[in-house]
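> Using only what follows, build the 3D model:
(chains A and B)
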Amino acid sequence: MARRALVFAALVAALLVGVVCSLAFGAVKVPISEVIDIIFGQGGSATDVQIVETLRLPRTVEAMLVGAALGVAGAILQGALGNPLASPDVIGVTGGAGFGAILIIIVLPGSIALLPLTALAFGLLAAATVFAFAWSGRNRGSVGKVVLAGIAVLSLFTAGTTGLLAAFPERAPSAIFFIAGGLTSSGWRDLETVWPYFAVGFLVALFLIRPLDRLALGDDVAASLGSRPQVIRLGAGIAAALLAAASAAIAGLLGFLGLVVPHVVRMAGGTSSHAYVVPASAIGGAALLAGADTLARTLRAPIEMPVGPFMVILGVPLFLWLLRKAV
Amino acid sequence: MGHDEGQSRGRGPLRRGHGPMGVASGPPEGSPATAQLLDARDVKVEIAGVPILKGADLSVKAGELVAIVGPNGAGKSTLVRAVSGMQKPSAGSVFWSGRPLGEMRGRELARRRAFVPQRMPVPNGVSVREAVTIGRSSHLKPLRRLTGEDREGVEHAMERARVTRFADRDLTTLSGGELQRVQIAVGLAQEAPVLIADEPTSQLDLGATIGVAGLLRDLARTGLAVLLVVHDLALAAAVADTVVVVSEGRTVATGAATQVLTSKRLSEVWKAEAHLTEHEGRTALHVAWLQGNDVRSP
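As a prediction, the model looks like this:
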């Protein structure tokens, strides 16, 4: 128990550091003391207030929300499917959202404002297709069916995306930022569109914590306790689809985060209890994305690099180090 | 093959309020109830159009240990899963303390019977106490924390299953016998009047089997109704008040072990030349191990 509390405290501290850095650093440096003053409404120069409040605060909130959403999506999918390889990719969301976004970027570049909604819609469409096939016929809702249907649908949408890129090679460069995954300083606009999807996804995930712990003792124990394993899996799939599709809508394809963060918190905390793993994945994902996004903005400022590769560079060594020590 | 008597104990599934405990809530532990906690009649199960269970009866009352025996594929597990609400019956009636199975939702069902699977998956970094606490979760409202009563319930379940000694150890560090007792504790934490254990001893060594069998017997002595699916006929004869024989999807005999596990039945159902002996609580199955080949071959 003590170890979990310690890891949780460390994650919260990392998140606080990440958030402050995200607000302070960028093309223009704002001193940390001033950032704290601005947050609490106690002054700061007019330009700095403008930078922090209208550019960096929305972006930091986006980073936290997307990081938390992908962490939670991965945690509940891995729990529900009992499969360590599960991530939003596996239920097709990433592939669908990627296709939707590339469709706008390449075919309808004039309607770029529609990108978040289109990515969201295709992400959910892909997940719905996966669920429709996985929950039909014999053995409906089985882990194998979900994973196989997911991989098939992912391949389908990936082929569509690749086809679009190949058909319009001259427009492909503008799609790279989305595919690599990255946040933008576009204010609150994107969040205003997709926040309800985050809200519902997080809420469902919260209610799934206890059922997922039952499921960890096996379908039979869950059924003995009055749960329906297939319903838990479907609920987890829907929540993960909402969270991952909303994330893709504002930050591109960052599926890696959803795969790795739950493993990192599990290995660090030494437990797979969902009462710990789900909130810790949320905090850990938020901290990782906020930190990585700050790095992506500052390393070659004023040029912004996509955060996806940075997150991988930060996350993979930690992941491999923990994996080496894991049983 | 006729059906042995024993089913006459049932007084009909629809009667409620007859007898001291014929109410929907089920009798409390240790009460001298005679009412059926479970009454299942002519239960049939089809899986993908294939009849697996072709008509099985099963009943149990408080303090009774019923062993369900039969050859591989006879439908023993399907029977207990069907009456537990984990496998939809295609026909027949199942009543828990007078309440029809089909009318109960998960949470209510969880308070009437606990199902202990053969072997549960063992998640990493989960202690015995945490696992047993999960067993308590059918008593909790969504998002509500455990109350003092819930914590007491968890401790009580661990004491009854004799796992308190290693309550803080991780599940991954336990032996097969210890893990099986933890599974029983998870079931007991549901505080249901009926515990259903599906082959709890099939992967255990002799000593651990004796431990689990003794535990189930003691639980029945304190008033719990126990349904035990088991392969070992000598074990079934030693621990059970009532033995139910399932063969080819039907219950073919119900009664005391010595009455239903006759040499004739062992030959008919298991194609084995064997006989069961019992003497002062010790049971043995004397098997002609190498002489059954002629009866066995089709």
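
> Helices along the chain, start to end?
In the absence of a named chain, this looks at chain A. Using DSSP state H, the helices of chain A run over A:2-24, A:32-39, A:46-50, A:57-81, A:93-102, A:115-134, A:143-167, A:172-180, A:189-216, A:219-224, A:229-251, A:255-269, A:274-298, A:307-325.

> Chain B was what I was after
Using DSSP H, helices in chain B cover B:76-83, B:106-110, B:128-135, B:148-160, B:176-188, B:206-221, B:233-239, B:257-260, B:263-270, B:293-296.

> So which residues on the stretch 201-327 of chain A come close to chain B?
With the criterion set to C-beta under 8 Å from any C-beta of the partner chain, the stretch 201-327 of chain A comes near chain B through A:206-207, A:210, A:213-214, A:216-218, A:220-221, A:223-228, A:266, A:269-273, A:327. Quick note: C-beta positions are derived from backbone N, CA and C, even for glycine.

> which of the helices of chain A sits most buried?
helix A:93-102 (a mean of 30; mean count of other C-beta atoms under 10 Å in any protein chain shown).

> could you dump that one to CSV, C-alpha only?
Output of helix A:93-102 as CSV, limited to C-alpha atoms (Å, rounded to 0.1, in the frame of the first residue of the first chain):
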residue,chain,number,x,y,z
VAL,A,93,-10.1,4.1,-32.7
THR,A,94,-6.6,5.4,-33.7
GLY,A,95,-6.9,4.1,-37.2
GLY,A,96,-10.4,5.5,-37.7
ALA,A,97,-9.5,8.9,-36.3
GLY,A,98,-6.3,9.1,-38.4
PHE,A,99,-8.3,8.3,-41.5
GLY,A,100,-10.9,11.0,-40.7
ALA,A,101,-8.2,13.6,-40.0
ILE,A,102,-6.2,12.8,-43.1
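
> got the contact list for it?
By C-beta atoms under 8 Å, 6 or more residues apart in numbering or on different chains, the surrounding residues in contact with helix A:93-102 are A:88-89, A:115, A:118-127, A:129, A:153-158, A:160-161, A:164-165, A:175, A:178-179, A:240-241, A:244-245, A:248-249, A:252-253, A:255.

> For chain B, which residue occupies the most central location?
residue B:227 (2.3 Å; C-alpha atoms, centre = their mean).

> In the stretch 51-200 of chain A, which residue sits closest to chain B?
residue A:138 (6.0 Å; C-beta to the nearest C-beta).

> residue contacts, that residue?
Contacts of residue A:138 by C-beta under 8 Å, 6+ apart are residue B:48.

> Pull up the residues of the stretch 151-298 of chain B that are close to chain A.
Counting by C-beta under 8 Å from any C-beta, the residues of the stretch 151-298 of chain B that sit close to chain A are B:183, B:186, B:187, B:190, B:198.

> Tell me the predicted confidence for the second one.
What it means is residue B:186. For residue B:186, the pLDDT comes out at 97.

> If we ignore the residues flanking it in sequence, what's nearest it?
Using C-beta to C-beta, 6 or more residues apart in numbering or on different chains and skipping residues adjacent in sequence, the residue nearest residue B:186 is residue B:135, 3.6 Å away.

> ok, now which ones touch residue B:175?
So residue B:175 contacts residue B:208 (C-beta under 8 Å, 6+ apart).
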